[in-house]
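>>> next one to model:
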Amino acid sequence: MQREATAHSPEELPTQLEDAFLVGDRRGLAELFDERAVLAPNVANVDVRGSDAIAMFAAALRAADRHYLGQVRRVVQTGDTAAVVLDWSLTARGSTDGPHERGRGVDVLRRGGDGAWRYLISLMQVCEQSKEEQCERRPP
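Below you'll find the model as predicted:
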(Lines give C-alpha, C1' and ligand atoms only; values in the text may rest on other atoms or scores of the structure.)
Protein backbone atom coordinates (compact mmCIF):
# COMPACT_ATOMS: atom_id res chain seq x y z
CA MET A 1 0.00 0.00 0.00
CA GLN A 2 1.44 3.35 -0.98
CA ARG A 3 0.55 6.71 0.47
CA GLU A 4 2.05 10.13 0.68
CA ALA A 5 2.53 12.34 3.73
CA THR A 6 -0.27 14.82 3.32
CA ALA A 7 -0.93 16.19 6.80
CA HIS A 8 -1.94 19.80 6.18
CA SER A 9 -2.04 20.61 9.89
CA PRO A 10 -0.20 19.34 12.98
CA GLU A 11 -3.47 17.89 14.29
CA GLU A 12 -3.78 15.56 11.25
CA LEU A 13 -0.41 13.86 11.62
CA PRO A 14 -1.13 11.63 14.66
CA THR A 15 -4.22 10.20 12.91
CA GLN A 16 -2.17 9.46 9.81
CA LEU A 17 0.40 7.68 11.99
CA GLU A 18 -2.33 5.53 13.55
CA ASP A 19 -3.72 4.68 10.11
CA ALA A 20 -0.34 3.75 8.60
CA PHE A 21 0.50 1.68 11.68
CA LEU A 22 -2.88 -0.09 11.60
CA VAL A 23 -2.56 -1.21 7.97
CA GLY A 24 1.17 -1.97 8.21
CA ASP A 25 2.17 0.63 5.62
CA ARG A 26 5.92 0.84 6.27
CA ARG A 27 6.57 3.23 3.41
CA GLY A 28 3.68 5.42 4.52
CA LEU A 29 5.08 5.44 8.06
CA ALA A 30 8.50 6.50 6.81
CA GLU A 31 6.94 9.37 4.83
CA LEU A 32 5.36 10.75 8.01
CA PHE A 33 8.82 11.34 9.51
CA ASP A 34 11.52 13.75 8.44
CA GLU A 35 14.47 11.79 7.03
CA ARG A 36 16.56 13.02 10.01
CA ALA A 37 13.82 12.39 12.60
CA VAL A 38 14.55 10.94 16.03
CA LEU A 39 12.20 8.67 17.97
CA ALA A 40 12.92 8.18 21.67
CA PRO A 41 10.71 5.19 22.53
CA ASN A 42 9.71 4.08 25.99
CA VAL A 43 13.08 2.34 26.39
CA ALA A 44 15.88 3.95 28.40
CA ASN A 45 18.82 5.32 26.41
CA VAL A 46 17.53 4.12 23.04
CA ASP A 47 17.00 6.50 20.13
CA VAL A 48 15.81 5.41 16.70
CA ARG A 49 17.19 7.76 14.03
CA GLY A 50 15.98 8.33 10.50
CA SER A 51 12.59 7.84 8.88
CA ASP A 52 13.40 4.37 7.51
CA ALA A 53 14.70 3.10 10.87
CA ILE A 54 11.64 4.50 12.64
CA ALA A 55 9.35 2.77 10.13
CA MET A 56 11.23 -0.50 10.74
CA PHE A 57 10.83 -0.03 14.52
CA ALA A 58 7.07 0.53 14.08
CA ALA A 59 6.84 -2.50 11.77
CA ALA A 60 8.47 -4.63 14.47
CA LEU A 61 5.87 -3.46 16.99
CA ARG A 62 3.08 -4.30 14.57
CA ALA A 63 4.65 -7.69 13.85
CA ALA A 64 4.53 -8.28 17.62
CA ASP A 65 0.76 -7.81 17.29
CA ARG A 66 0.69 -4.36 18.91
CA HIS A 67 -1.87 -1.67 18.14
CA TYR A 68 -0.98 2.04 18.52
CA LEU A 69 -3.44 4.77 19.48
CA GLY A 70 -2.70 8.40 20.23
CA GLN A 71 -4.91 11.13 21.68
CA VAL A 72 -3.79 14.70 21.09
CA ARG A 73 -3.96 16.82 24.24
CA ARG A 74 -2.45 20.09 23.04
CA VAL A 75 -0.88 21.61 19.94
CA VAL A 76 1.32 24.71 20.01
CA GLN A 77 2.38 26.05 16.61
CA THR A 78 4.58 28.86 15.40
CA GLY A 79 5.17 29.12 11.68
CA ASP A 80 6.47 25.82 10.29
CA THR A 81 7.14 24.21 13.70
CA ALA A 82 4.68 22.68 16.14
CA ALA A 83 4.80 20.82 19.45
CA VAL A 84 2.15 18.19 20.14
CA VAL A 85 1.42 16.72 23.56
CA LEU A 86 -0.42 13.41 23.36
CA ASP A 87 -1.38 10.36 25.35
CA TRP A 88 -0.58 7.09 23.61
CA SER A 89 -1.13 3.40 24.15
CA LEU A 90 0.18 0.16 22.70
CA THR A 91 -2.13 -2.79 23.15
CA ALA A 92 -2.23 -6.34 21.91
CA ARG A 93 -4.74 -6.64 19.06
CA GLY A 94 -8.08 -7.82 20.35
CA SER A 95 -7.14 -7.03 23.95
CA THR A 96 -10.11 -6.29 26.21
CA ASP A 97 -8.16 -5.68 29.41
CA GLY A 98 -6.80 -2.24 28.52
CA PRO A 99 -3.43 -0.90 27.42
CA HIS A 100 -0.28 -2.88 27.99
CA GLU A 101 1.87 0.22 27.64
CA ARG A 102 0.84 3.84 27.79
CA GLY A 103 2.34 7.23 28.34
CA ARG A 104 2.32 10.92 27.62
CA GLY A 105 4.64 12.05 24.86
CA VAL A 106 5.75 15.19 23.09
CA ASP A 107 6.28 15.41 19.35
CA VAL A 108 8.03 18.20 17.48
CA LEU A 109 6.71 18.59 13.94
CA ARG A 110 7.97 20.55 10.99
CA ARG A 111 6.18 21.62 7.83
CA GLY A 112 8.24 20.78 4.77
CA GLY A 113 8.64 22.71 1.54
CA ASP A 114 5.85 20.57 0.06
CA GLY A 115 3.45 21.84 2.76
CA ALA A 116 3.20 18.47 4.54
CA TRP A 117 3.80 18.19 8.29
CA ARG A 118 6.25 15.52 9.45
CA TYR A 119 7.60 14.29 12.75
CA LEU A 120 11.04 15.64 13.59
CA ILE A 121 11.36 14.51 17.21
CA SER A 122 9.11 12.06 19.01
CA LEU A 123 9.69 11.66 22.72
CA MET A 124 7.29 8.94 23.80
CA GLN A 125 7.60 9.27 27.57
CA VAL A 126 7.73 12.64 29.31
CA CYS A 127 6.08 11.62 32.59
CA GLU A 128 5.04 8.43 34.29
CA GLN A 129 1.33 9.25 34.57
CA SER A 130 -1.22 11.41 32.86
CA LYS A 131 -2.51 14.43 34.76
CA GLU A 132 -5.84 12.66 35.33
CA GLU A 133 -4.10 9.67 36.92
CA GLN A 134 -2.02 11.96 39.13
CA CYS A 135 -5.18 13.76 40.25
CA GLU A 136 -6.97 10.46 40.99
CA ARG A 137 -4.21 9.36 43.36
CA ARG A 138 -4.04 12.56 45.41
CA PRO A 139 -5.40 12.26 48.94
CA PRO A 140 -8.60 14.28 49.57
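>>> what about the strands in the chain?
Counting by DSSP state E, the chain has strands at residues 33-40, 48-49, 66-78, 81-92, 101-111, 117-127.
>>> identify whichever of those strands lies nearest to R27.
Go through these one by one with CB to CB and the one that ends up closest to R27 is strand 33-40, at 11.5 Å. No exception for glycine: its C-beta is placed from N, CA and C like everyone else's.
>>> got the contact list for that closest one?
Identification of contacts with strand 33-40 by CB atoms under 8 Å, 6 or more residues apart in numbering yields 46-51, 54-55, 57, 110, 112, 118-125.
>>> repeat that with 10 Å
When contacts are defined by CB atoms under 10 Å, 6 or more residues apart in numbering, strand 33-40 is touched by residues 5, 13, 17, 30, 46-55, 57-58, 105-110, 112, 117-126.
>>> any of these buried? List them.
The neighbour-count test (16 or more other CB atoms under 10 Å) marks 5, 13, 17, 30, 48, 50-51, 53-55, 58, 105-110, 117-125 as buried among these.
>>> go through the protein and flag its longest helix.
In terms of residue count, the longest helix belonging to the chain (DSSP state H) is helix 51-63.
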